[in-house]
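In: The sequence isn't on hand, but the structure is:
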């Protein structure tokens, strides 16, 4: 019996760590996607933002974020910060449902989710935001804003003592709302205060396309995100070392892949209908939209349902991107549409296949709670940063590209004219 427990413990811990590594690899996917969809003169800065935000997220979540999110109910330590909790509980493990794994592996799996939420913000504010203002916001989002909303959802705490989302019929398996919609809410607050890129919208209301510099890189980034999503959703099963959990993991992998495929194909077909062309960027966002749509509940739909859910996400994201442009809300990579609008769709799809865990009213309440908290506090933080240090580069710096003004380096020096 002891040998069986130890083997299960080892397998579950190893599986948890490997899924965390896959989610960490999504940071590379976001980096490549964003670097491909911005102009060449802004590439170095977007790369710097992504590698820096990941590092800041890891530090802030270790210092205080994990404790805020799980310290109240059922965390690895109920009275002490994370590091002290590891010392006290590291040898005992944590039990969550049928899973048993080392506390450190739980922290590692959760911290990469925090970085994912912040990566969503990076693309939406690209090409005109000051680097250090963005990094200052990263500290607050990863250390406080996200952990607080996470404590009301996955952490099991009540919302300011008023109600518990789980008891109200809210369910989010892997984070369509908790991670993706939260990141998009923070991004929307920043974009509204930041304004659009110069030349994006004409005075007569025309929307001017600003093509990305490297579509092969953007496509590679999408494939990396697609692969990393297997860890994102599959790891949320929390276990592997039993027949039941192994079958659940297989279903989650299957449905995750099916939803991405459905999202890409539907977005590609819709783009052909609307624009008379096969729009690659819409197709890429369609795949990501399918992934976001299935993330709220990838374990209960059939493969056909998962494909249809992904297809709905792919269709919705195309119309959402067009609608945001009509509203002159400039999002260079479509992050708010992919992760925010489709994140809400993902939450609302859960009751169709898992009515025991979720209700439509509970999903709406949970979504509203996440959005109001993250958007409201983010707006305040962005406004403070705008007043104190400014959040937007100068018009000249934006015209020249933020690579040189913010980082002093060009990403493609052999293909640009020297400024010396």
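Out: Good, I have the coordinates. As the structure is a computational prediction, the values presented were derived from the model and not from experiment. Residues are numbered from 1 along each chain as shown.
In: which residues in the stretch 1-150 of the chain form strands?
Out: 94-96, 99-101 (DSSP state E, counting those that start in this stretch).
In: could you give the mean pLDDT of the last one?
Out: What strand 99-101 shows for mean pLDDT is 57.
In: for residue 407, what are its contacts?
Out: With contact taken as CB atoms under 8 Å, 6 or more residues apart in numbering, residue 407 is in contact with 44-45, 48, 131. To be clear about C-beta, it is placed using only N, CA and C from the backbone, and glycine gets the same treatment.
In: low pLDDT regions in the stretch 251-400 of the chain?
Out: Within the stretch 251-400 of the chain, no range satisfies pLDDT under 70.
In: and stretch 179-199, how far from the chain's centre?
Out: Here stretch 179-199 is found 13 Å from its chain centre; the criterion is CA atoms, centre = their mean, to the nearest Å.
In: contacting residues for the nearest residue to residue 191 once chain neighbours are set aside?
Out: Closest residue to residue 191 apart from its sequence neighbours, by CB to CB, 6 or more residues apart in numbering: residue 124 at 5.5 Å. Counting by CB under 8 Å, 6+ apart, residue 124 touches 184, 187-188, 190-191, 331-333, 335-336.
In: tell me the pLDDT at residue 124?
Out: For residue 124, the model assigns a pLDDT of 98.
In: Give me the distance between it and residue 163.
Out: Applying CB to CB, to the nearest Å, one obtains 30 Å for the distance of residue 124 from residue 163.
In: chain center to stretch 228-243, what's the gap?
Out: Offset of stretch 228-243 from its chain centre (CA atoms, centre = their mean): 17 Å.
In: Could you give the number of residues near the spatially closest residue to residue 20 that is not a sequence neighbour?
Out: Nearest residue to residue 20, sequence neighbours excluded (CB to CB, 6+ apart): residue 109, at 4.2 Å. Neighbourhood size, residue 109 [other CB atoms under 10 Å]: 23.
In: which residues touch stretch 346-362?
Out: By CB under 8 Å, 6+ apart, stretch 346-362 touches 165, 168-173, 176-177, 180-181, 292-297, 299-301, 305, 309, 312-313, 363-364, 366-367.
In: So which of these are in helices?
Out: 292-295, 305, 309, 312-313, 363-364, 366-367 (DSSP state H).
In: Redo the residues you listed as TSV? Include distance to residue 32 and neighbour count.
Out: Converted to TSV, the ones in helices among the contacts of stretch 346-362 look like this (distance: CB to CB, whole Å; neighbours: other CB atoms under 10 Å):
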residue	distance to residue 32	neighbour count
292	18	34
293	22	35
294	22	33
295	20	30
305	30	18
309	26	27
312	26	21
313	21	35
363	32	26
364	35	16
366	32	27
367	29	22
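In: Are any of the contacts of residue 407 buried, and if so which?
Out: 44-45, 48, 131 (16 or more other CB atoms under 10 Å).
In: Columns distance to residue 263 on top of the contacts of residue 407, output as a markdown table?
Out: Converted to a markdown table, those look like this (distance: CB to CB, whole Å):
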| residue | distance to residue 263 |
| --- | --- |
| 44 | 31 |
| 45 | 29 |
| 48 | 30 |
| 131 | 32 |
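In: all helices for the stretch 101-250 of the chain, in order.
Out: 103-124, 131-140, 146-153, 182-194, 215-234, 243-275 (DSSP state H, counting those that start in this stretch).
In: Out of those, flag the one nearest residue 35.
Out: Closest to residue 35 of these, according to CB to CB: helix 215-234, at 5.7 Å.
In: Which other helices and strands does that closest one contact?
Out: With contacts taken as 3 or more CB pairs under 8 Å, 6 or more residues apart in numbering; DSSP states H and E, helix 215-234 sits against helix 2-37, helix 243-275, helix 280-295.
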